[in-house]
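Colleague: Here is the input, now give the coordinates:
(4 chains, ligands or ions: 4)
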4 protein chains.
Amino acid sequence: CALHSSCALRDADPLPQASFFPPNDATMLPPGSFSDKVAFVTGGGTGLGRAMTQGLSQLGATCVIASRKLEVLQKTAEEITAQTGNKVFPVACDVRDPAAVAQCLDQMEKLTGLPDVVINNAAGNFVSPSEKLSPNGWKTIVDIVLNGTAFVTLELGKRLIRQDKGASFLAITTIYAESGSGFVVPSASAKAGVEALYKSLAAEWGRYGLRFNIIQPGPIRTKGAFSRLDPTGAFEKSMIGRIPVGRLGTPNEIKNLALYMSSHYATWMSGAVVRLDGGEYVSMAGEFNDLRKVSKQQWDLIEAMIRQTKGS
Amino acid sequence: CALHSSCALRDADPLPQASFFPPNDATMLPPGSFSDKVAFVTGGGTGLGRAMTQGLSQLGATCVIASRKLEVLQKTAEEITAQTGNKVFPVACDVRDPAAVAQCLDQMEKLTGLPDVVINNAAGNFVSPSEKLSPNGWKTIVDIVLNGTAFVTLELGKRLIRQDKGASFLAITTIYAESGSGFVVPSASAKAGVEALYKSLAAEWGRYGLRFNIIQPGPIRTKGAFSRLDPTGAFEKSMIGRIPVGRLGTPNEIKNLALYMSSHYATWMSGAVVRLDGGEYVSMAGEFNDLRKVSKQQWDLIEAMIRQTKGS
Amino acid sequence: CALHSSCALRDADPLPQASFFPPNDATMLPPGSFSDKVAFVTGGGTGLGRAMTQGLSQLGATCVIASRKLEVLQKTAEEITAQTGNKVFPVACDVRDPAAVAQCLDQMEKLTGLPDVVINNAAGNFVSPSEKLSPNGWKTIVDIVLNGTAFVTLELGKRLIRQDKGASFLAITTIYAESGSGFVVPSASAKAGVEALYKSLAAEWGRYGLRFNIIQPGPIRTKGAFSRLDPTGAFEKSMIGRIPVGRLGTPNEIKNLALYMSSHYATWMSGAVVRLDGGEYVSMAGEFNDLRKVSKQQWDLIEAMIRQTKGS
Amino acid sequence: CALHSSCALRDADPLPQASFFPPNDATMLPPGSFSDKVAFVTGGGTGLGRAMTQGLSQLGATCVIASRKLEVLQKTAEEITAQTGNKVFPVACDVRDPAAVAQCLDQMEKLTGLPDVVINNAAGNFVSPSEKLSPNGWKTIVDIVLNGTAFVTLELGKRLIRQDKGASFLAITTIYAESGSGFVVPSASAKAGVEALYKSLAAEWGRYGLRFNIIQPGPIRTKGAFSRLDPTGAFEKSMIGRIPVGRLGTPNEIKNLALYMSSHYATWMSGAVVRLDGGEYVSMAGEFNDLRKVSKQQWDLIEAMIRQTKGS
Ligand SMILES: NC(=O)c1ccc[n+]([C@@H]2O[C@H](COP(=O)([O-])OP(=O)(O)OC[C@H]3O[C@@H](n4cnc5c(N)ncnc54)[C@H](OP(=O)(O)O)[C@@H]3O)[C@@H](O)[C@H]2O)c1
Ligand SMILES: NC(=O)c1ccc[n+]([C@@H]2O[C@H](COP(=O)([O-])OP(=O)(O)OC[C@H]3O[C@@H](n4cnc5c(N)ncnc54)[C@H](OP(=O)(O)O)[C@@H]3O)[C@@H](O)[C@H]2O)c1
Ligand SMILES: NC(=O)c1ccc[n+]([C@@H]2O[C@H](COP(=O)([O-])OP(=O)(O)OC[C@H]3O[C@@H](n4cnc5c(N)ncnc54)[C@H](OP(=O)(O)O)[C@@H]3O)[C@@H](O)[C@H]2O)c1
Ligand SMILES: NC(=O)c1ccc[n+]([C@@H]2O[C@H](COP(=O)([O-])OP(=O)(O)OC[C@H]3O[C@@H](n4cnc5c(N)ncnc54)[C@H](OP(=O)(O)O)[C@@H]3O)[C@@H](O)[C@H]2O)c1
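Modeller: Ligands and ions are numbered 1, 2, ... in the order given. Next comes the predicted model:
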């Protein structure tokens, strides 16, 4: 049954310890933290991008959200503005196309001026055995994730430098950007590229008043991500089983971290890579962590056997 | 003159770009974020430990600060309590001694009960060519930094597990824990050990409601650190010169990050290692970053020469 | 004078300690180590690729070398075959074009069959301030380095899997792939992508008999690299000054490591990333390594000042 | 049954792909590669240390092996000398004791002079839930692994520097030194410390003709390691199941890598960390690698479901 949607494992139960770690959806930073600030969020219409935009708007920022589907952006923009009273501008933009990026930024400059806060969050991904990947499948992901992020970042950087204006850049990558991962190989490669891009510019463009940081989220149930990464829902349970905190993350947890990193409280942060994943990465990577399956009785047995071995 | 204290370079000037990145000393989290919480901070009497304790206390926590010098702790405790109105308890404790650690925690249990927030911040360090290091010099640092952190963390962990109480653990390491660094070798080794300890326990002890994270600070002028790392002040200027943000950090910037990571906003964070260093690490590590010294005119020359090379 | 070619610093002198670390150009593996093996080396006509091809050929491999410039390949192929007596086939191929890659591999299959050893070494790079990078400049490098490596690797992998044939893949990246670096940002990003690609496939495709590893070379004087990275020669001296081994590397040192990693002695190596850089990376990255400039007398002064600070 | 020794899973079968990756036990480097060289190997009487000593001796080195159990060392020394015709000297030494280390090196200086090749291989380890670890249990491991390595390395370094003699240092750590791992926490912390020590000294002591490198072995069945890490044998099968190469490593595979890294072919290698683990680390760490369990039919279903999701 494992992979039939009829036996959907979606919304798999958290582990018992999750009760120690309740998610907090409230916005953490003080009201007005982004007053008079302009924020630009790619992929801001859905999922994590939407949550971050909501937070920025709530704290006073004027926001511009950019992605391909204008209707989705418009709906999100209206809803957030209705909630917060602050303007959210939707701008259609396919980040794979440098000319479209330039046009989108022209539009932004007219609407709001250049941003103080930039969040590169747009991405594409899907699971597939690598032997089934075509050159086109590969390029689609690399074009959105790596080239798209580079086009937006380089073009914005040049304009900010010309206007002698400082800004905070944030990129959303993933916990497998450093380790790599099978079955999502174009995404792993492109996200690793994004991380090197941001670390490089952190070093190079500090002198222009720009800082660059990275968040690596662990698994968070968003429609966009999960429909292409775990369409059957079969994988979710095993993921939760190895997360020390015992549950998936929420978009608002990413929001709070992202807002801190983009704020005037974090002006000394640049070139940082912050993993927010319930501990999943260290749990997977550590060679002996599977021993969590060993019971108390079994430990007693093991201990006795070790004692029997001579020497220390 | 470089190393004579008479020509003290201390308080070296920030770089021009620092004006884009003003430090913000205000406490970021909402008031009451740590109400009804107990916090335990080693080395809480001075420097970064003091700043973190101040922040926790200001936001409602009852604090216990522990280190060797009781008078220093007492003075800090009184000053903070006077400011915030919340109790800060000083407890003398040499973390190198497991029995002293156990006694200190006994005392804490009586005063406040077990903590919700633990910050392992105590450390020792000094600069020296490694060929001048005696076994004792080596051990002094490893005993404080690595064994001390382990004794505090293991003993607290066991007690929390027995009482089925959740908690957040934070360790303060350094940006050279991963890369290593000459001339501070015992500190580099011990801090690397602390990071492995915290990543390991993040994986293993999540099931008990415990999470473990790490902050790697860059250079922040505290009396403790700078008197043993840059006693002549000669090194400070060259450090600032390579920090993209163009200035040293402040204890309050560490405070705000530490408070976020220890708070109920970060319950999904475990096993994370957060660098807060003005970009110094990426700036040092990247092979071509020294090209920041190349002038605009020189770049034109270089570009012309590259164009002359045949092929792409 | 620093950047005028008239005062060329090229062939900058090694440091005194280099006499402890003489380069050994002899081929390390036993004769015949690659008998009956086929090797495929991109960029095999010049620089490091040529040295690795020479080594493989000398030890019995039939080699195919592929890059854009057929004449260069032909000359190299003839010279190596003349030396070693083993066939080297030149095949023109622009790795940016998936169709060209497929054709090149068709040609290879006819000439030699599929390879046992694959070395992805082709790359492009140049130094530039990032604010001068056009989208095209960015894409040129990412297309060669990341997409080119992916097209070659995925297409070869699929063919090997279909034929149930095992192979060793090696990618040549750089010491700034993990840290990033300003002024070579497209290269840093693309090489980071290559590393994630190889680590990902190491995990995923082991079951098909394929292994994947990475070498990160430090600075080695090749015409291709140095004419676009240090055209004036001004940078070389400062690079040598921070390399613990006190000299640049040689192509043959990369050759010996690459041959080991590609050989039957290394069948248990997969997903490994091996830095070969004279220690440059750790020397740059460690925060206090600049203290190597402190003299013995100054150390005595520093030590005395540290002693004066109270406490440990 | 999982943990009863009666159903011993020891000598668990390799995976099918292991036939692509046969271990090669032959010594790789040319005969005489270590003629006139002196090698010092801690823990050289057993397991990996013994295999490395055998290789060094076979290639001409005069060896000194040091650990606590003199009889074990003597037996190994005699057997190897009988095989290779080159002297192997056993010296009793508990590396935890700086005075014992100094005496051991005095003895070595008399027997052979200072070494050209140093391998820090001695270690201790055992599996245990961290809540069962006493301060003594913690210290036992840290004392052997971290302090022991430091005492040997610092003392040898000082003597070599005084005699102006170059040497290669190698430390044997583990694949969980960087990631950490539950259930072997003192070992993880201490090995991380060893890595920082070696990277630090690579940067600092290059100027004295010394280089420092690290091997991180994956699982290799030695009596010492497995009797304390997997005494019931229950864990071995699941380890093999996630190793891309499909089998455990052999001591001789470590030998060949170690000999290369310690040889005159690798004089440009310093500060390097080489993982040799059959790909286990990247396989564990990559978030989606568990999808290797998905069958071909299930992939078809998944692909169809992804296609149905709207948008790219
Ligand atoms: N959710 C998770 O578990 C998770 C884990 C790790 C990392 N992340 C990262 O978090 C970020 C947000 O993901 P999510 O989960 O919120 O998924 P999502 O809702 O699918 O977000 C992806 C966004 O990217 C936009 N986008 C895609 N292609 C684009 C293009 N060519 N040009 C402009 N915009 C484009 C999409 O909008 P349009 O369709 O309108 O273009 C969409 O709004 C991504 O970077 C993802 O890799 C997520
Ligand atoms: N400032 C920086 O630039 C910087 C950079 C990177 C990392 N850090 C880290 O930040 C942390 C705080 O450093 P700091 O700059 O604030 O320096 P600091 O004021 O010297 O703090 C060190 C604290 O550790 C305590 N301590 C030392 N030995 C102890 C022992 N055996 N038992 C208990 N407590 C002990 C000291 O108190 P007693 O003397 O009373 O014992 C002192 O309060 C340290 O972990 C340091 O490594 C600082
Ligand atoms: N030398 C160093 O200091 C150093 C340091 C770190 C890393 N590396 C890496 O080492 C590798 C070799 O560099 P090198 O120093 O030997 O420089 P190189 O001689 O310039 O080698 C680059 C090779 O790539 C080939 N190439 C470039 N574009 C190509 C394309 N589109 N399709 C196919 N082949 C292409 C070139 O041949 P064609 O022009 O004929 O196409 C050339 O043979 C590179 O991956 C480089 O990044 C070198
Ligand atoms: N086998 C694996 O799967 C594996 C995996 C990763 C890493 N490693 C590493 O590989 C190295 C060798 O391990 P192994 O598998 O060969 O196990 P082993 O045979 O148990 O080797 C450990 C050696 O360390 C010596 N030793 C222990 N305590 C000592 C002390 N206080 N002073 C001096 N010598 C001491 C032991 O000799 P005495 O008892 O005579 O003192 C023994 O020869 C270790 O560093 C280990 O961490 C092994």
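
Colleague: all contacts plus neighbour counts: C-alpha atoms, from now on.
Modeller: Noted.

Colleague: Roughly how far does whatever residue of chain A ends up closest to ligand 2 sit from residue D:111?
Modeller: As assessed by C-alpha to the nearest ligand atom, ligand 2 sits closest to residue A:268 within chain A, at 13.1 Å. Separation of residue A:268 from residue D:111 (C-alpha to C-alpha, to the nearest Å): 56 Å.

Colleague: close enough to count as contact, residue A:189 and residue C:191?
Modeller: No - the criterion here is C-alpha atoms under 8 Å, and residue A:189 misses it with residue C:191 at 9.2 Å.

Colleague: Test of understanding: give the bridge partners of the residue most central in space within chain A.
Modeller: By C-alpha atoms, centre = their mean, chain A has its centre lying nearest to residue A:172, at 3.5 Å. Beta-bridge partners recorded for residue A:172 (DSSP bridges): residue A:215.

Colleague: gap between it and residue D:97?
Modeller: Counting by C-alpha to C-alpha - residue A:172 and residue D:97 are separated by 49 Å.

Colleague: picking up where we left off before, and residue A:189 and residue C:191? which has more neighbours close in?
Modeller: residue A:189 (35 against 32; other C-alpha atoms under 10 Å in any protein chain shown).

Colleague: Give me the nearest residue to the more buried one, chain neighbours excluded.
Modeller: Spatial nearest neighbour of residue A:189, chain neighbours left out: residue C:193 (4.0 Å); criterion: C-alpha to C-alpha, 6 or more residues apart in numbering or on different chains.

Colleague: The strand or helix carrying the one you found and ligand 3 in contact?
Modeller: Per DSSP states H and E: residue C:193 is located in helix C:185-205. No - using C-alpha under 6 Å from any ligand atom, helix C:185-205 stays clear of ligand 3, coming no nearer than 7.8 Å.

Colleague: Does anything pack onto that helix? Which helices or strands?
Modeller: Helix C:185-205 is packed against helix A:185-205, helix C:135-142, helix C:149-162, strand C:167-172, strand C:210-217, helix D:280-285, with contacts defined by 3 or more C-alpha pairs under 8 Å, 6 or more residues apart in numbering or on different chains; DSSP states H and E.

Colleague: low-confidence ranges in the stretch 1-150 of chain A?
Modeller: A:1-10 (pLDDT under 70).

Colleague: Which of the three states applies to the residue of it at minimum distance from chain C?
Modeller: Closest contact between the stretch 1-150 of chain A and chain C, by C-alpha to the nearest C-alpha, is at residue A:131 (5.4 Å). Classification of residue A:131 using DSSP: H, G, I helix; E, B strand; the rest coil returns helix.

Colleague: Pull the number of nearby residues for it.
Modeller: Counted by other C-alpha under 10 Å, the residues lying close to residue A:131 total 17.

Colleague: Give the closest residue to it in space, chain neighbours not counted.
Modeller: Per C-alpha to C-alpha, 6+ apart, closest to residue A:131 is residue C:158, 5.4 Å.

Colleague: distance of residue A:284 from residue B:149?
Modeller: 24 Å.

Colleague: Between those two, which has more neighbouring residues?
Modeller: Shown here are residue A:284 and residue B:149; by other C-alpha under 10 Å, residue B:149 has more neighbours (28 against 25).

Colleague: For the residue nearest to the more buried one when sequence neighbours are not counted, which residues are in contact?
Modeller: Leaving aside its chain neighbours, residue B:149 sits nearest to residue B:120 (6.2 Å; criterion: C-alpha to C-alpha, 6+ apart). By C-alpha atoms under 8 Å, 6 or more residues apart in numbering or on different chains, the contact list for residue B:120 reads B:41-43, B:149, B:152, B:169-172.

Colleague: burial measure for residue A:147, as a count.
Modeller: Neighbours of residue A:147 under the rule other C-alpha under 10 Å: 26.

Colleague: Apologies, that question was intended for residue A:76.
Modeller: 22.

Colleague: Could you do residue A:111 as well?
Modeller: Residue A:111: 12 surrounding residues under other C-alpha under 10 Å.

Colleague: Same question for residue A:25.
Modeller: For residue A:25, using other C-alpha under 10 Å, the count is 14.

Colleague: and the residue nearest to it when sequence neighbours are not counted, what element?
Modeller: Leaving aside its sequence neighbours, residue A:25 sits nearest to residue A:252 (C-alpha to C-alpha, 6+ apart; 5.2 Å). Using DSSP H and E, residue A:252 falls within helix A:251-262.

Colleague: Other residues contacting that helix?
Modeller: Defining contact as C-alpha under 8 Å, 6+ apart, one finds that helix A:251-262 is touched by A:23-29, A:47-48, A:51-52, A:55-56, A:117, A:168-170, A:213, A:215, A:217, A:220, A:266, A:269, A:276, B:265-266, B:268.

Colleague: do you know how far the closest residue to chain C within the stretch 201-312 of chain A is from residue A:212?
Modeller: When scored by C-alpha to the nearest C-alpha, the stretch 201-312 of chain A has residue A:204 as its residue closest to chain C, at 4.8 Å. To residue A:212, residue A:204 is 10 Å away according to C-alpha to C-alpha.

Colleague: Likewise for residue A:69?
Modeller: For residue A:69, the distance to residue A:212 equals 27 Å [C-alpha to C-alpha].

Colleague: same deal with residue A:221?
Modeller: Distance from residue A:221 to residue A:212, by C-alpha to C-alpha: 26 Å.

Colleague: Have a look at those two and say which one is more surrounded.
Modeller: Under the criterion of other C-alpha under 10 Å, the comparison of residue A:221 against residue A:212 puts residue A:212 first, with 30 against 19.

Colleague: Does the more buried one touch residue A:168 like I think?
Modeller: Yes - using C-alpha under 8 Å, residue A:212 is in contact with residue A:168, at 6.2 Å.

Colleague: who's in contact with whichever residue of the stretch 101-250 of chain A sits closest to chain D?
Modeller: Residue nearest to chain D within the stretch 101-250 of chain A: residue A:181 (4.1 Å; C-alpha to the nearest C-alpha). Contacts for residue A:181 (C-alpha under 8 Å, 6+ apart) come out as A:188, C:196, C:199-201, C:203-204, D:282-283, D:285-289.

Colleague: Can you tell me which of those comes closest to residue C:233?
Modeller: Residue C:233 has its nearest neighbour among those in residue C:196, at 32.0 Å by C-alpha to C-alpha.

Colleague: Please give me every residue in contact with the closest one.
Modeller: A:177-181, A:185, A:188-189, A:192.

Colleague: Run through those and flag the ones next to ligand 2.
Modeller: Among the contacts of residue C:196, not one lies near ligand 2 by C-alpha under 6 Å from any ligand atom.

Colleague: first to last residue in stretch A:229-246, what's the distance?
Modeller: End-to-end distance of stretch A:229-246 (C-alpha to C-alpha): 20 Å.

Colleague: Now do it: distance to the chain's middle.
Modeller: Remark: stretch A:229-246 is offset 17 Å from the chain centroid, using C-alpha atoms, centre = their mean, to the nearest Å.

Colleague: on that earlier part again, of all the residues in the helix holding residue C:193, which ones are buried?
Modeller: C:185-205 (16 or more other C-alpha atoms under 10 Å in any protein chain shown).
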